[in-house]
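Visitor: What follows is a protein structure lacking sequence information:
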């Protein structure tokens, strides 16, 4: 069951301030930089994915083309195999037919030769018979000739005839035997030729059957090869279609990824341009801040130089003329130099801080300009370079102003030290004068006592008028003494109060500068002179009443 109390309430969400109001600006800028870098990385990865997808699409297209090519090659190979098998079967059948034909021709040739042998034997027998008959005829003619030639040769003729008959008979028998042998051999040759013809016929028939079987097997193999080729072609075509579909799908996805990558790249480019614009603005503001800080630092440095010169001049004047007024002016010049030095230090530090910020803004602007192109890149890069140049000038001015501040601070310290020494000397003199005033007051008191005694003597001697005048002189002496005491007391009290006020109002180094003023010294001198004059006047007045 969902808990409805989970999470802040609507009022709390309304009261909760935005994160940008609660988080420091550097952290927000860092997160913006991280987001920009993440967007750039995502764009890069999207571009890489698009590139990979395009390569995959090209590879798939290439694979489909290769598959179609292989299918075409398989189809051509099947057709070629079928054609080769058919041609081989036809060649085998032709060879078998040629073999059978050659065997039949051999058999016919053997039969023909057997017939020729029989015919030759028959002809030889006939020729031998004719030769025997011719020999017989010749023998008869020779016998007749011999009978006609001489009777003496009858026996020889008879013998010759008998021999001739015998020879003829032997020749006839030999011829008959030869004819029979030739006939037998001819019969054997005919039988052998017949057997050879039958064997050749059987071999031819077997060869023909084998050739027919081979042709049928080759036809079946060719048909199977054709079927397999068709099947392979179908599978290859199906694979090609699948590869084509996959390539189309990959191309579509690649286009989608490419579109997303372009959109991400466009968003990243837009963000980079916005960041570049902000970086340019920050660089311009940083440059302006550095320039303003440089102007203030230069003014502070100039003021420090002038004040340092014034402090040195006051110190030189104090060395020439040791007086309270000169010491006060020197101390004031030293204080002014210290203040000018502090202002110079502050201006130099402010300039250095602004210069460091300008360096960071310039680097950021240059880095942002590298991520974009066009006019905005040129403007941002130029603003970054100007910020860095201004920062360099700021560092130089800060160092110079700091040096001037140090010089002014040293001059102020020296002036204050000199004023302190002078005031110490003047205070020592004031103390001496105060002691002299005290001594004068004591002298006045002594004169008053003497005048009082003289007045009493005069009153006793001169009567009432003299007593009245003596009383008046006494009162005048009392008043003069009272004034002298009052003046001495006031002088001493003024000196003490001046020292106390000086110790409370100014630093220890200038603890008594007030007492060294010319007015105070004149006042002390006037008091002393007044006391002396009063004492002298009282003495003169008393002496006039005396006889």
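Guide: Right, received. Where do you want to start? Computed from a predicted structure; not experimentally measured. Numbering: from 1, shown residues only.

Visitor: any idea how far residue 324 is from residue 333?
Guide: From residue 333 across to residue 324, the span is 15 Å (Cβ to Cβ, to the nearest Å). From N, CA and C alone the C-beta is placed, and that goes for glycine too.

Visitor: These two: who's more crowded?
Guide: residue 333 (27 against 23; other Cβ atoms under 10 Å).

Visitor: wait, doesn't the more buried one sit right on residue 311?
Guide: Yes: when contacts are counted by Cβ atoms under 8 Å, residue 333 is listed as touching residue 311 (4.4 Å).

Visitor: Find residues that contact each of those two.
Guide: Any residue near both residue 333 and residue 311 by Cβ atoms under 8 Å, 6 or more residues apart in numbering counts here, and that gives 412, 415.

Visitor: can you list the weak-confidence ranges in the stretch 251-400 of the chain?
Guide: The model of the stretch 251-400 of the chain has pLDDT under 70 over residues 251, 253-254, 257-258, 261.

Visitor: need the helices for it, in chain order.
Guide: In the stretch 251-400 of the chain, the helices defined using DSSP state H, counting those that start in this stretch lie at 324-370, 375-505.

Visitor: so what's residue 398 up against?
Guide: Contacts here follow Cβ under 8 Å, 6+ apart; on that basis residue 398 touches 297, 348-349, 351-352, 355.

Visitor: ok, now how distant is it from residue 358?
Guide: Note on residue 398: its distance to residue 358, by Cβ to Cβ, is 12 Å.

Visitor: distance of the closest residue to residue 329 other than its chain neighbours from residue 422?
Guide: Closest residue to residue 329 apart from its sequence neighbours, by Cβ to Cβ, 6 or more residues apart in numbering: residue 314 at 5.3 Å. Distance of residue 314 to residue 422, computed by Cβ to Cβ: 11 Å.

Visitor: now do residue 340
Guide: Taking Cβ to Cβ as the measure, residue 340 falls 22 Å from residue 422.

Visitor: Residue 407 too?
Guide: 22 Å.

Visitor: Likewise for residue 394?
Guide: Taken as Cβ to Cβ, the spacing of residue 394 relative to residue 422 amounts to 41 Å.

Visitor: who's more crowded, those two?
Guide: residue 394 (29 against 25).

Visitor: can you pull the contacts of the more buried one?
Guide: Going by Cβ under 8 Å, 6+ apart, residue 394 touches 290, 293-294, 351-352, 354-355, 358.

Visitor: any chance of the residues you listed in CSV, with distance to residue 320 too?
Guide: Shown next, in CSV, are the contacts of residue 394 (distance: Cβ to Cβ, whole Å):
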residue, distance to residue 320
290, 44
293, 40
294, 39
351, 38
352, 40
354, 44
355, 43
358, 48
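
Visitor: which one among those gets closest to residue 259?
Guide: Closest approach to residue 259 among the contacts of residue 394 (Cβ to Cβ): residue 358, at 41.3 Å.

Visitor: how about stretch 324-335: buried residues?
Guide: 324, 326-335 (16 or more other Cβ atoms under 10 Å).

Visitor: Format those as JSON lines; extra columns: distance to residue 266.
Guide: Converted to JSON lines, the buried residues of stretch 324-335 look like this (distance: Cβ to Cβ, whole Å):
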{"residue": "324", "distance to residue 266": "80"}
{"residue": "326", "distance to residue 266": "77"}
{"residue": "327", "distance to residue 266": "76"}
{"residue": "328", "distance to residue 266": "74"}
{"residue": "329", "distance to residue 266": "72"}
{"residue": "330", "distance to residue 266": "72"}
{"residue": "331", "distance to residue 266": "70"}
{"residue": "332", "distance to residue 266": "68"}
{"residue": "333", "distance to residue 266": "67"}
{"residue": "334", "distance to residue 266": "66"}
{"residue": "335", "distance to residue 266": "64"}
